[in-house]
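**Student:** below are the sequence and a predicted model for it; my questions follow.
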Amino acid sequence: MQQTRRSIVGFVLGLGLALAPAAMAAGGGALQASSTSLSDRGSLQNGAKLFFNYCSGCHSLKLMRYSRIAEDLGLTEDQVMQNLNFTGAKFGEQIPRTMNPDDGKAWFGNAAPDLSLVARAKAGGPDWIYTYLKTFYLDPSRPIGWNNTTFPNASMPNPLWELQGIQTAVFKTGPEGEPVFDRFELHQPGSMSPAEFDVVARDIANFLRYAAEPAALQRHAVGVWVILFLSLFTFLAWLLKQEYWKDVH
Ligand code: HEC
């Protein structure tokens, strides 16, 4: 009886855990898991490099400074100033966009927003950014020729098309005759395989996750020591217990 009750509780809990992500994803279109990790410094460095090469023309990171990135990601001042800084801003300054915001508005209809906090602002955080970067498709009906299933009618062209290639979207007809997204088809291959491109999207999402909360990086580092300390402490407590109980047995 006890056993049955326990397995029912286990089953219900398991079901809840299994369904929760599906329920969450249902709200904002299906998001793909980005598996970003703040302790993966290589991924953060690669994400920074990609961000400055492919995004900073239009997007600023006003809450970030070049010097902070150098310190947090283990880069030298020279590395940052030569490889990441294309604006002539100083090492200690915040990160502006390269493009004049009025041009952005004139060309794309919308000025590109600052991305300092975007990884926290979007439901799904880095997974939203990851999925967004993977779901651009050609759409001749849009003024800029691109559309996106994660952010429908976004006025941002696919900045990574040379790497990813160019996709088109195939739609089914829904119950009320409305178009329902079915799948992407590769229209023109890019310079990367899909697996390589996933790493690009993940590393950019990881970098923006870090940028939205740089302090989390330190917390992460402290967290490792706390876990190590607790493990050591548990071990000592166990030794002590063995010592006390020796005489009792
Ligand atoms: C050619 C200019 C341009 C480039 C390059 C560009 N973006 Fe954008 N981006 C935009 C514009 C314009 C918008 C606003 C879209 C809208 O609101 O319709 C936008 C919106 C976004 C948003 C959503 C922001 C929000 O608050 O809703 C994210 C995230 C984003 N861009 C990420 C990126 C990343 C990452 C890159 C580099 C891989 C990049 N962008 C490159 C122009 C650009």
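**Tutor:** Arrived safely, thanks for sending.
**Student:** Gln32 and Leu133 touch, don't they?
**Tutor:** No: using Cβ atoms under 8 Å, Gln32 makes no contact with Leu133, being 10.3 Å away. In this view, the C-beta of every residue, glycine as well, is placed from N, C-alpha and C.
**Student:** and the two? which has more neighbours close in?
**Tutor:** Leu133 (25 against 17; other Cβ atoms under 10 Å).
**Student:** my read: Pro126 touches Arg209, true?
**Tutor:** Yes: using Cβ under 8 Å, Pro126 is in contact with Arg209, at 4.3 Å.
**Student:** between these two, which contacts overlap?
**Tutor:** Thr36, Ala119 (Cβ atoms under 8 Å, 6 or more residues apart in numbering).
**Student:** who's more crowded, these two?
**Tutor:** Pro126 (28 against 24).
**Student:** tell me if stretch 50-61 is near the ligand.
**Tutor:** Yes: legend: contact between stretch 50-61 and the ligand by Cβ under 6 Å from any ligand atom is shown at Tyr54, Cys55, Gly57, Cys58, His59.
**Student:** Gln82 and the ligand, how far apart?
**Tutor:** 20 Å (Cβ to the nearest ligand atom, to the nearest Å).
**Student:** packing partners for the helix or strand encompassing that residue?
**Tutor:** Assigned by DSSP states H and E, Gln82 belongs to helix 77-83. Contact here means 3 or more Cβ pairs under 8 Å, 6 or more residues apart in numbering; DSSP states H and E; on that basis helix 77-83 packs against helix 66-73.
**Student:** and the helix it packs on, how far from the chain's centre?
**Tutor:** Centroid separation for helix 66-73 versus its chain: 19 Å, with Cα atoms, centre = their mean, to the nearest Å.
**Student:** got it, and stretch 163-180?
**Tutor:** Centroid separation for stretch 163-180 versus its chain: 24 Å, with Cα atoms, centre = their mean.
**Student:** straight-line length of it, end to end?
**Tutor:** Terminal residues of stretch 163-180 lie 27 Å apart, using Cα to Cα, to the nearest Å.
**Student:** tell me the buried residues in that stretch?
**Tutor:** For stretch 163-180, the neighbour count (16 or more other Cβ atoms under 10 Å) marks Leu163, Gln164, Gly165, Ile166, Gln167, Ala169 as buried.
**Student:** could you do stretch 80-93 as well?
**Tutor:** Counting neighbours by 16+ other Cβ under 10 Å, stretch 80-93 gives Val80, Met81, Leu84, Asn85, Thr87 as buried.
**Student:** just to be sure, Leu230 is in a helix?
**Tutor:** Yes: assessed with DSSP: H, G, I helix; E, B strand; the rest coil, Leu230 lies in a helix.
**Student:** show me where this protein has its strands.
**Tutor:** Assigned by DSSP state E, the strands in the chain fall at 61-65, 94-95, 136-138, 146-148, 165-173, 179-189.
**Student:** adding mean pLDDT, write those strands out as CSV.
**Tutor:** Listed next are the strands of the chain as CSV, based on pLDDT from 0 to 100:
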stretch, mean pLDDT
strand 61-65, 94
strand 94-95, 90
strand 136-138, 97
strand 146-148, 97
strand 165-173, 96
strand 179-189, 94
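**Student:** for this protein, which spans come out with low pLDDT?
**Tutor:** Low-confidence segments of the chain (pLDDT under 70): 1-29, 101, 104, 108-109, 249.
**Student:** residues from it in reach of the ligand?
**Tutor:** So the chain meets the ligand at 54-55, 57-59, 104, 108, 110, 112-113, 115, 118, 129, 132, 154-157, 159-160, 204 (Cβ under 6 Å from any ligand atom).
**Student:** follow-up on the earlier one: with distance to Arg41 as extra columns, can I get the strands of the chain in JSON lines?
**Tutor:** Compiled in JSON lines, the strands of the chain are given as follows (distance: least, Cβ to Cβ, whole Å):
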{"stretch": "strand 61-65", "distance to Arg41": "17"}
{"stretch": "strand 94-95", "distance to Arg41": "19"}
{"stretch": "strand 136-138", "distance to Arg41": "28"}
{"stretch": "strand 146-148", "distance to Arg41": "30"}
{"stretch": "strand 165-173", "distance to Arg41": "29"}
{"stretch": "strand 179-189", "distance to Arg41": "31"}
